[in-house]
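Undergrad: Structural data only, the sequence is not supplied:
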């Protein structure tokens, strides 16, 4: 069976998206038994071709278990595959698009002239231990007889590529002057990125900081990091704004639906204990239950305003109100937040993708 290159790229994109989501949520990705050390050696090797060729072998194995994955040149063996074509059409474009460090291609550098992945090839290679580890992993792929084992192998292999990118710097594309219409598309794109809740918070935080800078307010804006309990940190929400030591307002930024119980719990654990008069939920309004709105009205009669705002709409209206100087302040604040060392690489890659779409559009 010939390799379906389009299907291969789709498989890589979908599997890598799952790996990135797990990384953002702190979930572990475990290797197949007995392979971890070999993976480590291959990914510590300075010879990038080993891991890139291994990814091609894995994709070939996924598509057709009868392919001889040690034979990446046509005209050899009985069931070879075209490793160079697979690399040029799928593997290298995939790695490049995900900002994963990679070579020009393993078949243009190390594995030229119709070589096979055998012991005989070892003699001409500089990093022999790295190649030995690669052969062990190929052997594991050959021995894998069920689809679950092969899928698990691919998932861990892509996890190692994701780790490789985490260790490398991802230069952030600059956000230059753009129109409000472009901001609409840009913010919509960022809000659709699986970021573990980080990007919505950063967008709202950058807007508050731009408002402070634009109007010269004496605000002290406290930002609560992702996965840090508000109660444990003594915060009123994801973002707490103080003036002269007093809380002006607090905000919670969430992508999850809001029901009555969520509003009541927030009031009992954050609003009432901290004496907050103005509390904002930045949400998708479609996810706010009528009972949640009714509960908020009850708190209004007690002197506490609890309101719900659509994230993108509020940001766009703020940017429109502040004009070009305010939008420049927003850009600088947002870039500084996304470019921070503790922001995961997948988010920075997604940022760059959104910038490229703006330029292409």
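TA: Thanks, I have the structure now. Bear in mind the structure is a predicted one, so any value in this text is a computation, not a measurement. Numbering: from 1, shown residues only.
Undergrad: would you list every one of the strands in the stretch 251-361 of the chain?
TA: 278-283, 305-310 (DSSP state E, counting those that start in this stretch).
Undergrad: Now do the buried residues in the last one.
TA: The one in question is strand 305-310. Buried residues in strand 305-310, counted by 16 or more other Cβ atoms under 10 Å: 306, 308, 309. Using the backbone N, CA and C atoms, a C-beta is placed for each residue, glycine as well.
Undergrad: For residue 148, grab phi and psi.
TA: Summarising the backbone geometry of residue 148 under the convention degrees, to the nearest 10, its torsions are phi -60, psi -40.
Undergrad: That one: neighbour count?
TA: 8 (other Cβ atoms under 10 Å).
Undergrad: That one and residue 32: what is the separation?
TA: Between residue 148 and residue 32 the distance, using Cβ to Cβ, to the nearest Å, works out to 10 Å.
Undergrad: And the helices in the stretch 1-150 of the chain?
TA: 5-24, 36-44, 48-63, 83-86, 92-97, 128-143, 147-166 (DSSP state H, counting those that start in this stretch).
Undergrad: ok, residues contacting the fifth one?
TA: I take that to be helix 92-97. Contacts of helix 92-97 from elsewhere in the structure, counted by Cβ atoms under 8 Å, 6 or more residues apart in numbering, are 9, 12, 13, 16, 52, 55, 102, 104, 105, 161.
Undergrad: ditto for the shortest one
TA: With Cβ under 8 Å, 6+ apart as the test, helix 83-86 has contacts from 3, 5, 8, 53, 56-57, 59-60, 72-73, 105-108, 111.
Undergrad: With respect to residue 208, which of the residues you listed is nearest?
TA: Comparing these against residue 208 with Cβ to Cβ picks out residue 8 as the nearest, at 44.4 Å.
Undergrad: surely that closest one meets residue 90?
TA: Yes: in this structure, residue 8 sits in contact with residue 90. The criterion is Cβ atoms under 8 Å, and the distance is 4.8 Å.
Undergrad: the more surrounded of these two?
TA: In terms of neighbours (other Cβ under 10 Å), residue 90 is the more surrounded of residue 8 and residue 90; the figures are 23 against 20.
Undergrad: Please enumerate the shared neighbours of residue 8 and residue 90.
TA: residue 59.
Undergrad: quick one: residue 52 and residue 101 touch, right?
TA: No: in terms of Cβ under 8 Å, residue 52 does not count as a neighbour of residue 101; the distance is 10.3 Å.
Undergrad: Which one of the two is surrounded by more residues?
TA: Summary of the neighbour comparison: residue 52 and residue 101, criterion other Cβ under 10 Å, with residue 52 having more neighbours (25 against 13).
Undergrad: re earlier: the contacts of helix 83-86, buried ones only, as a ChimeraX selection?
TA: Listed next is the ChimeraX selection for buried residues among these, using 16+ other Cβ under 10 Å:
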select :3,5,8,53,56,57,59,60,72,73,105,106,107,111
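Undergrad: Show me which of the contacts of helix 83-86 is closest to residue 23.
TA: Set against residue 23, the nearest of these by Cβ to Cβ is residue 59 (21.2 Å).
Undergrad: Pull out the buried positions in stretch 243-252.
TA: Taking 16+ other Cβ under 10 Å as the neighbour-count basis, stretch 243-252 is seen to contain the buried residues 247, 248, 249, 250, 251, 252.
Undergrad: same deal with stretch 17-26?
TA: In stretch 17-26, the ones that count as buried by 16+ other Cβ under 10 Å are 19, 20, 23, 24.
Undergrad: Throw the residues you listed into TSV and include pLDDT and distance to residue 354, thanks.
TA: Conversion of those to TSV gives the following (pLDDT from 0 to 100; distance: Cβ to Cβ, whole Å):
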residue	pLDDT	distance to residue 354
19	93	20
20	90	15
23	85	19
24	82	17
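Undergrad: sorry, back to before: out of the buried residues of stretch 243-252, who's nearest residue 65?
TA: Within those, proximity to residue 65 (Cβ to Cβ) peaks at residue 252, which comes in at 50.1 Å.
Undergrad: Rebuild the strands of the stretch 251-361 of the chain as CSV, extending it with mean pLDDT.
TA: Putting the strands of the stretch 251-361 of the chain into CSV (pLDDT from 0 to 100) gives the following:
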stretch, mean pLDDT
strand 278-283, 95
strand 305-310, 94
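Undergrad: residue contacts, residue 24?
TA: Residue 24 is in contact with 194, 195, 196, 198, 344, 346, 347, counting by Cβ under 8 Å, 6+ apart.
Undergrad: picking that back up, ok, the buried residues of strand 305-310 vs residue 293, which is closest?
TA: Residue 293 has its nearest neighbour among the buried residues of strand 305-310 in residue 308, at 7.1 Å by Cβ to Cβ.
Undergrad: for that closest one, what are its contacts?
TA: If a contact means Cβ under 8 Å, 6+ apart, then residue 308 has 258, 280, 281, 283, 285, 288, 292, 293, 296 as its contacts.
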